[in-house]
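Asks: Sequence and predicted structure, then a few things I'm wondering about:
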Amino acid sequence: MLIPRSHPRATSLHIREKLVSGYKSGLVVEEGLLAHGRGEMFDYLIGEKTSKYALKAIKAASETLILAKSPVISVNGNFAALCPKEIVQLAKVVDAKIEVNLFYGTEKRKRNIANVLKKNGAKEILGLDPKHSRTIPKLDSARRIVDESGIFSADVVLVPLEDGDRTIALKKFGKKIITFDLNPLSRTAQTADITIVDNVIRGMKILINYSKKNIKKKNLSKTRFDNKKNLLESINLVQKNLWRMSHA
Ligand code: ATP
Ligand code: MG
């Protein structure tokens, strides 16, 4: 029988509070709260900790970001509400640009997100000036609009908590995609080149630390990484946890 939990763990409550306060301060939209709920469910099923498969993906992501010519970190409301400091730190460590890119985008929300990133030390934020906007083909949503010196000309894009349509369009547009997605079955998780099945709150810190160590290496090279195989391991982990919980 499934054992119902009386209340979510302290960590997930803490993460939820960050999202709610991001909602109240105009970073996150209602749809972002729903997306967070989906993430919480999968976080529960992976055991609310970083798995060894997530670590493998983080290692591949770190090498790919460092070796990229023009990496970009794409930021939406949820990502900005959950880890603004880490976004800025990662951009510095791997020398990536930061671009604000929203599904439900208003100029005001873009500015709110940019302000939070600036407060956390970001110097340059792309995606704010319509004069520099270009469009990704084969995409209907507002997210087809990208910055010409950011995502438009990037070789590698980190797009956490991303919608499947956009990930698919970015892939078709020739970008190498790295994502954080707690749902190993989502279209984004299945389409990306490197999927980190972990909560961004935990995973970003590890990615930064890994990258700090990697950057010091003289001859950094890419370790072989099979995303489909790694995703299957995460799906197996969810199945094992479900079995364990239902037989406890
Ligand atoms: P897709 O469009 O890729 O098929 P979806 O429509 O279910 O997926 P979206 O709202 O488009 O989901 O994207 C949000 C994704 O981010 C979801 O898969 C959700 O599980 C995941 N997610 C939510 N919160 C977090 C978090 N804190 N860390 C990592 N992933 C998260
Ligand atoms: Mg979606």
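Replies: Arrived safely, thanks for sending. Numbers count the residues shown, from 1 in each chain. Ligands and ions are numbered 1, 2, ... in the order given.

Asks: Let me know the average pLDDT across stretch 22-31.
Replies: For stretch 22-31, the mean per-residue pLDDT is 96.

Asks: And it, how far out from the chain middle?
Replies: Going by C-alpha atoms, centre = their mean, to the nearest Å, the spacing between the C-alpha centre of stretch 22-31 and its chain's C-alpha centre is 17 Å.

Asks: so does that stretch get close to ligand 1?
Replies: No: judged by C-beta under 6 Å from any ligand atom, stretch 22-31 and ligand 1 are separated, with a smallest distance of 7.0 Å. Where C-beta positions appear, they are placed from N, C-alpha and C, glycine not excepted.

Asks: residues of that stretch that come out buried?
Replies: 22-23, 26-29 (16 or more other C-beta atoms under 10 Å).

Asks: Kindly report the same for stretch 207-216.
Replies: Taking 16+ other C-beta under 10 Å as the criterion, stretch 207-216 shows 207-208, 210-211, 214 as buried.

Asks: burial count for the residue in the chain positioned nearest to ligand 2?
Replies: Ligand 2 sits closest to residue 163 of the chain, with a gap of 3.9 Å, by C-beta to the ion. Number of residues near residue 163 (other C-beta atoms under 10 Å) recorded here: 18.

Asks: about what we covered before: can you redo the buried residues of stretch 207-216 as TSV with secondary structure?
Replies: Formatted as TSV, the buried residues of stretch 207-216 follow (DSSP: H, G, I helix; E, B strand; the rest coil):
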residue	secondary structure
207	helix
208	helix
210	helix
211	helix
214	helix
